[in-house]
Each structure stands twice: as C-alpha cells, then as structure tokens.
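Visitor: Attaching a predicted model along with its sequence, questions to come.
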Amino acid sequence: MSLITLNQASLAYGHHPLLDNTDFSLEEGERIGLIGRNGTGKSTLLKILNRKEALDSGTIQYQQGLRINYVAQEPIFEVHKTIFEIVSEGLSELLQCIEDYSNGTGDMDELFNRIDTLGGWGWEQKVEQSLEQLRLKGDLVIGTLSGGTLKRVALAQALVCTPQVLLLDEPTNHLDLESIDWLASLLTEFKGSAIVVTHDRSFLDKVTTRIVELDRGRLRSYYGNYSQFRVTKEAQLAQENVINAKADKLLAQEEVWIRKGVEARRTRSVARIARLEELRAQRQSRREAVGKVKLNVDSSNRTGKIVSELEHVSLSFGEKCIIDDFSSIILRGDKIGLLGPNGAGKTTLLKLILGSLEPDSGSVKFGTQLQIAYFDQMRGALNLDDTLENFISPGSEWIEIGDQRQHVKSYLGDFLFSPARANSPVRSLSGGERNRLLLARLFARPANVLVLDEPTNDLDIETLELLEELLENYKGTVFLVSHDRAFLDNVVTSLIAYEGDSKWREYEGGIEDWLVQSRRTGKSLTTLGELTSAPSSAPSQQARSQIDPAITASSIATGSNTNLKKKLGYKEQRELDGLPSQIEALETQQKEIAKLIEEGSIFSSDPKRATELLSRSTQIESELLDLLERWEALSAKA
C-alpha cells in the first residue's frame, strides 16, 4: 500500500527545474536511498514530502493519518535545554492533548481517544525508551554535545512518536564508523518506511531496499541496494546515446570491479591487486631503506622522502592522555587514513605528525620542503560574490599544476562544472557544489602534503568518485580523516587506528585489511570504532608479513635474505582454477534475479516470490564477496 504518492510533480527555481513532471510512490516497509548530484533537489524533495514546501504543479497524496518525521542535515536545538526536554518535544501533540485533557479544555471524549491513539499516558517511559535505544543520557545539556551526539538526539526526537515514515537528510555526517554501523542496524530494524539522502555507499548497501535517483528533474527507481543499482545503471547507460562525456568517463573508470563479468574482473582485479601490492610493497621497501639510511646519515642530509618520523611520542592535555607511546615513519607518497571514534584524538595526532603540536615525550622529526594544504581550513575562504573562474585562478584564464598548463574552464570541467557556469557567482552553488569548488581550488595550489578533514561531507557520490581518482593519482602525501568506509578503502594505503587507552597503531591497507589484520593478531574486535589494547608501536617488517596478506614475504629481507614466499599447493591451485566458474554461475543467477526485479511486475503478481528474490540477491552478494576475497587471496599468493 502506498503511503505517499507524487503524480506529475513539478518544481522549479527560476529556470532550473528540480522536479519535471515526475512520479514517485513510497510503499510500506520500504527503505529508499535518494541519490543524485549536488544541487539536483534531494533535500528539497524531502521537504516537499514533509509538507514543508509546495509543488508548482502536480499532486501529492498521503495515506490518511500518516505520521512523518524529518531529521535535518544540521539539526538545530535550544542550547540550554537537556536531551530529555528536546526528545520530549517529539511528543508535542500528545503532551498538548494531555494538558488540554487535564485542564478540561475541549471535547473530553475526543481528547481521550486522541491521547490513546498517540500512545497513551506513559509518555515519560516512551522518551526513556527512545533515549535508551539511541544511547543517550537525558540530563546532558544540548550546548555541550558534539555534532554526532546532536544527530542522535535528532533521531531520538523523530523516533519517539513511532512515525510511519522517517525522512533522513545526510544522517551519517558527523558520525564515526561505529555510530554509522549502529544507525544502519537501527534502520534495518525500523518497522516503518524510510527515505535516506546520503553519499555513503557502504551505508546504502546495508540499509536500502530501493534506490531512487533524482536526475534532471526525473525520479528513477532501481530495486535493491546501491551495488545492485550500479549494475542496472551500467546497463541503462550503455543503451543511451546522449550522455555526458565526462560522466561516462568517470563511470567507466570507477565502475566497481566486483560487479563486472568474470572475464572483465580477471583483468581489472589483477591490475588493481598488483597496483595495490606494488604501492604497499614500495612503501615497505622505502621504509626499510630509510631506516638503514637513518642509522648512517645525519638527519640534516635527508633526501626529502620523509614527511614525519615519530619515535615513542606521548601527549596529554591535563590529566587526559591522548597519545601514548606512538611510533611511525610517514613517507612521501603515503596515503594515510586516521581511524577512530569521535573524541579519540585524530585531529590531535594529525597536528602532532605535522608539527602544529609538540609531544610531551618522545621525538618528532620533519622532512624538508614540505608544502601543506588543509582542506578544512579553506571552508571559510569562499567569497560568495566571486565567480567560479576567478575563485580558482584570480586574474588569469590559465592555471599551472606542476608542469601542466590548463585553461581554467577546462579545469572546472574536471570538477563537473560546465563552461557555462564558470562566470556564475559562488553563492549560486549548493553546499555540496561549494565543497567541490573548494576541492578544485585545493588541487590547483602547489602542495606536496594534503590534509583532508571530512572531505566527503555534503558531496554527491559522483564527486566522491572523482575525488578518489584524484587522490589515487596524486603524487604527494595524503592524510585523510573520514568515516566513509568505501572512500577510505578506495584511497588509503595504510591506516593509523585508535585501539583504546590512548593507544594508536598503524596498519597496511584499508578498512577491510585492518579488520583482517586485527583478527589475525588475535585481538578482540569489540566495536568498529575501538579495539582492545594492543602494542603501541608499529609492528616489525616480519610481523607485518604475518598479518597482512597484501604484503608479499619477498619484500622482507631477513638476515640470510631468504625468500619466504610460498607457492600454491595442489588443492589450492585446483580451488583457484575453479573459482571463476563458481563466480560466473552466481553472477548469472544474480542477473536473472535483477532482470525480474527490474521489470517490477513480480511485486504485484507474486509479492512473496519478490521478497524471496530480494533475499536471495542479498545472499548472492555475500557469497560473491566471499569467493572474490578467496580468489584475491589465492591470486596474490600465486
């Protein structure tokens, strides 16, 4: 049964249509991921569905008595109130009815029935249950809370009245990895329907049952999660004759390799694995070489390969220890992600690495000729009256990046701004487009160290993929603070992870590599954001080879220069030979299911079968990932 239905809906701001005679319906129990480029009108659509904005034309119909709650991208509360008071405001209608009933105001029978409909007299218990579910302390004052906690307060306020429809605008912003996983679990257990606007691809894969893309004023539906959307979208794009050349190039370069046919995957994966192994092997060999040089050459004669070298550093603020006995060597070209829950001290560690703070104990040595550019510091640099072209290259039509000279309009095109918009004022851009413009300015500046603090906030998925490509090809060093799991996995070559009790440790690879290595070292992975205690300094070269499957043993030189690399056994070789056919069979089954789901008729003719197919599709997804991980591990070993 449809809860909300849009018919021939249109809305335009000036000559820019956000909705163009488009249709949409939300069914019971659906969890929809609403995606689209920045500025296409996703947040505006949520406001329309929440009855906060009106259509220019067309109709919108709601199921009678439908309860809808909306959680804004940046929730605003009165700072002097407590969490309990703010969450209680989610029951404002119920509380008003109780007050009127107590005061004898209005029709008593009608008020009694309305109170019963809205949940009865035990409103304090409802608030307490909501606080418990969202892991909040009711007596805390709003003005003392972090951005991530404020987002949880907004969710508690929205959920306390048990809405039938939940509208979430960028709910993962300001949340750490642990909180993002917790929110995904919360939404999958939510009994109502939900529409989520987010750029977090991993989150969309875990939560959504349908993807709706807002593209050029039209709403297009794709059943399944984000990964399934990519498969269908690829086929759809292949059939279109008129397509933006830049978008086509991006999609071709960044298409997720595990969704392609098995033959394409073989080529793609071998190249990708080889590239990743080469990066990490180079990093290991460079570290070993630098270590040897360090023992024989004075630090004043460094070649510039070292960005920062930390030896047993510790730092406290008052009685609170932030960093305890951390050691690491950061080299030119490293792409390092900082991982940990909000408040763990990621920014503090970053300042220590780059020299903005001095340690209480231990030593920090810095490389020569470092040019550092901070993304977070540029957010206040926007002149809203400036044109895009002048903001990127003041007083010139050309920019020079390294030994490359490029026209500013062409450069803006690389960041998905058309030449026609080059002379538009900055104030005409949406929040996400402004972030994209800042990234363009950042990459146009001479710098060999980039510090990106939550660069993915407010960016659409297409821009995220562009940023991934830029960072992959960037020759300098990157420090990345982000809670976007897919983004980290696609960019970083190593992670510095918080492990509890002020301990930090460096791991080769991305999030998935970190999880594997943590398990292999026998640690108890209590949460995604925090591990149990672990050795404070980075492991030795030999120890790394034992916990990181991506580092080949041949990159480790022992005292006797023994090659520790193992060959595949007979059974492993047979297993490797048989994996492509198993993968191909699963992909064929997945395509057949996707075709049935895409046609859509099965949802009305046989809903039970449709549910089974969606469940099987998710199961295939898991089986494919297991097989691909096994294939990747065996291929790397071979």
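Guide: Noted; the coordinates are in hand.
Visitor: measure the residue in the chain sticking out farthest from the centre to Trp121 for me?
Guide: Most distant residue from the mean C-alpha position of the chain: Gly104, 51.7 Å away (Cα atoms, centre = their mean). Distance check for Gly104 against Trp121: by Cβ to Cβ, to the nearest Å, it reads 16 Å. Every C-beta, even on glycine, is put in place using the N, C-alpha and C of the backbone.
Visitor: ok, now Ile372?
Guide: Relative to Trp121, Ile372 is positioned 60 Å away (Cβ to Cβ).
Visitor: quick one: which of these two has more around it?
Guide: Neighbours were counted for Ile372 and for Trp121 using other Cβ atoms under 10 Å; Ile372 has more, 17 against 11.
Visitor: Tell me which residues touch that one, please.
Guide: Counting by Cβ atoms under 8 Å, 6 or more residues apart in numbering, Ile372 makes contact with Leu354, Ala447, Val449, Leu450, Val451.
Visitor: try Phe417
Guide: Leu388, Glu433, Arg436, Leu437, Ala440.
Visitor: so is it in a helix, a strand, or just coil?
Guide: coil (DSSP: H, G, I helix; E, B strand; the rest coil).
Visitor: okay but Lys81 is in contact with Ile142, surely?
Guide: Yes - using Cβ atoms under 8 Å, Lys81 is in contact with Ile142, at 5.5 Å.
Visitor: out of those two, which sits in the busier spot?
Guide: Using other Cβ under 10 Å as the criterion, Lys81 and Ile142 rank with Ile142 on top: 19 against 15.
Visitor: pLDDT weak spots in the chain?
Guide: Residue ranges of the chain with pLDDT under 70: 14-15, 237-304, 376-381, 401-403, 518-568, 570, 600, 632, 636-638.
Visitor: Start from the N-terminal end of the stretch 401-550 of the chain and give the strands.
Guide: 404-407, 449-453, 477-481, 494-498, 504-508 (DSSP state E, counting those that start in this stretch).
Visitor: who touches the fourth one?
Guide: The one in question is strand 494-498. 280, 283, 328, 334-341, 344-346, 349, 488, 504-511, 513-514, 529-531.
Visitor: where does that strand sit relative to the chain's centre, distance-wise?
Guide: What separates the centre of strand 494-498 from the centre of its chain is 17 Å, taken as Cα atoms, centre = their mean, to the nearest Å.
Visitor: those helices in the stretch 1-150 of the chain, which residues are they?
Guide: All helices of the stretch 1-150 of the chain, identified by DSSP state H, counting those that start in this stretch, fall at 42-49, 83-88, 92-103, 108-117, 123-133, 147-159.
Visitor: The ones you listed into JSON lines, with extra columns for distance to Gly476 and mean neighbour count?
Guide: Formatted as JSON lines, the helices of the stretch 1-150 of the chain follow (distance: least, Cβ to Cβ, whole Å; neighbours: other Cβ atoms under 10 Å):
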{"stretch": "helix 42-49", "distance to Gly476": "33", "mean neighbour count": "21"}
{"stretch": "helix 83-88", "distance to Gly476": "43", "mean neighbour count": "21"}
{"stretch": "helix 92-103", "distance to Gly476": "52", "mean neighbour count": "15"}
{"stretch": "helix 108-117", "distance to Gly476": "61", "mean neighbour count": "13"}
{"stretch": "helix 123-133", "distance to Gly476": "44", "mean neighbour count": "17"}
{"stretch": "helix 147-159", "distance to Gly476": "29", "mean neighbour count": "22"}
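Visitor: what would those helices look like in TSV with distance to Ile399?
Guide: TSV is the format used below for the helices of the stretch 1-150 of the chain (distance: least, Cβ to Cβ, whole Å):
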stretch	distance to Ile399
helix 42-49	31
helix 83-88	47
helix 92-103	53
helix 108-117	62
helix 123-133	51
helix 147-159	34
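Visitor: before we move on, back to that, would you turn the strands of the stretch 401-550 of the chain into CSV with mean neighbour count and distance to Ile76?
Guide: Formatted as CSV, the strands of the stretch 401-550 of the chain follow (neighbours: other Cβ atoms under 10 Å; distance: least, Cβ to Cβ, whole Å):
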stretch, mean neighbour count, distance to Ile76
strand 404-407, 12, 41
strand 449-453, 21, 23
strand 477-481, 23, 25
strand 494-498, 23, 30
strand 504-508, 25, 34
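Visitor: Distance to Asp205 added to the ones you listed, as CSV?
Guide: Below are these laid out as CSV (distance: least, Cβ to Cβ, whole Å):
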stretch, distance to Asp205
strand 404-407, 36
strand 449-453, 23
strand 477-481, 21
strand 494-498, 21
strand 504-508, 23
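Visitor: how about those, which one is nearest Met1?
Guide: Proximity to Met1, assessed across these by Cβ to Cβ, is greatest for strand 477-481 (43.9 Å).
Visitor: Name the residue closest to the centre of the chain, please.
Guide: Asp484 (2.5 Å).
Visitor: OK, contacts around the closest residue to that one other than its chain neighbours?
Guide: Nearest non-adjacent residue to Asp484, counting by Cβ to Cβ, 6 or more residues apart in numbering: Thr456, 4.6 Å away. Residues near Thr456 by Cβ under 8 Å, 6+ apart: His199, Asp200, Leu464, Leu467, Ser482, Asp484, Phe487.
Visitor: which residues does the second one contact?
Guide: Read that as Asp200. Going by Cβ under 8 Å, 6+ apart, Asp200 touches Thr172, Ile180, Thr456, Asp484, Arg485, Ala486.
Visitor: nearest to Leu134, of those residues?
Guide: Taking Cβ to Cβ as the measure, Leu134 sits nearest to Ile180 out of the contacts of Asp200, at 14.0 Å.
Visitor: Count the neighbours of the closest one for me.
Guide: That count, for Ile180 with other Cβ under 10 Å as the rule, works out to 23.
Visitor: what's the answer for Glu499, then?
Guide: 20.
Visitor: who touches Asp205 in this structure?
Guide: Counted by Cβ under 8 Å, 6+ apart, Asp205 has contacts Asn225, Tyr226, Ser227.
Visitor: so how far is Arg31 from it?
Guide: Counting by Cβ to Cβ, the gap from Asp205 to Arg31 is 12 Å.
Visitor: next one: Ile306
Guide: With Cβ to Cβ as the criterion, Ile306 and Arg31 are 48 Å apart.
Visitor: how about the helices of the stretch 1-150 of the chain, which one is nearest Asp460?
Guide: helix 42-49 (8.6 Å).
Visitor: Can I get stretch 426-435 as CSV, trimmed to CA atoms?
Guide: The C-alpha trace of stretch 426-435 is given here as CSV (Å, rounded to 0.1, in the frame of the first residue of the first chain):
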residue,chain,number,x,y,z
VAL,A,426,29.8,31.2,-5.9
ARG,A,427,26.5,31.9,-4.0
SER,A,428,24.6,30.2,-6.7
LEU,A,429,26.1,26.8,-5.7
SER,A,430,24.6,24.3,-3.4
GLY,A,431,26.5,23.2,-0.3
GLY,A,432,27.9,20.1,-2.0
GLU,A,433,28.9,22.1,-5.1
ARG,A,434,30.8,24.6,-2.9
ASN,A,435,32.7,21.7,-1.4
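Visitor: How far does stretch 40-49 sit from its chain's centre?
Guide: 21 Å.
Visitor: Pull the residues that contact it.
Guide: 4, 9, 11, 18-19, 26, 34-36, 53-55, 60, 68, 70, 73, 165, 167, 169, 195, 197, 214-216.
Visitor: run the last query once more with 7 Å
Guide: With contact meaning Cβ atoms under 7 Å, 6 or more residues apart in numbering, stretch 40-49 is reached by 4, 18-19, 34, 36, 53, 55, 60, 70, 73, 167, 169, 195, 197, 214.
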